[in-house]
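1. with the sequence up front, the predicted model follows.
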Amino acid sequence: MEGGEMHVFDGGLKKQAVLKECGPSYEIDTLTNGETEYVLACSKDQPVHLWDLASHKVVTQYVCRNQVEEVISAISLKATATNLFTGHSKGILKVFDI
């Protein structure tokens, strides 16, 4: 990703989407519900964004907070069909329902 743009390609290296993030992404993951394909991305000082690949829009965002309610950046993530797991500095792990 360069200049805040995330270029998403399919398995045959055909470009599917260009998504506008606020900065470099630490990590991305993909998710599908059978009909819709999604991309999850985490970047510095931003919530985790769930992007719809068809519309190129953010569907929802997952805000991570520490014990004193400050927003913290996710530095890693992993999605399953029902949950999003995010890792943060200082050993913090958050679990969200998708």
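-> Perfect, I can see it now.
2. was I right to think Lys15 contacts Met6?
-> No: the pair Lys15 / Met6 is not scored as a contact, 11.2 Å apart, by C-beta atoms under 8 Å. The C-beta positions use only the backbone N, C-alpha and C, and glycine is treated the same way.
3. who has more neighbours, these two?
-> Shown here are Lys15 and Met6; by other C-beta atoms under 10 Å, Met6 has more neighbours (19 against 9).
4. ok, that one to Gly34 distance?
-> Applying C-beta to C-beta, to the nearest Å, the value for Met6 to Gly34 is 23 Å.
5. state the distance from Ile28 to Thr80.
-> In terms of C-beta to C-beta, Ile28 sits 15 Å off from Thr80.
6. now swap in Glu37 and tell me
-> In terms of C-beta to C-beta, Glu37 sits 15 Å off from Thr80.
7. neighbour count for these two, which is higher?
-> Glu37 (17 against 10).
8. grab the nearest non-local neighbour of the more buried one.
-> Leu53 (4.4 Å; C-beta to C-beta, 6 or more residues apart in numbering).
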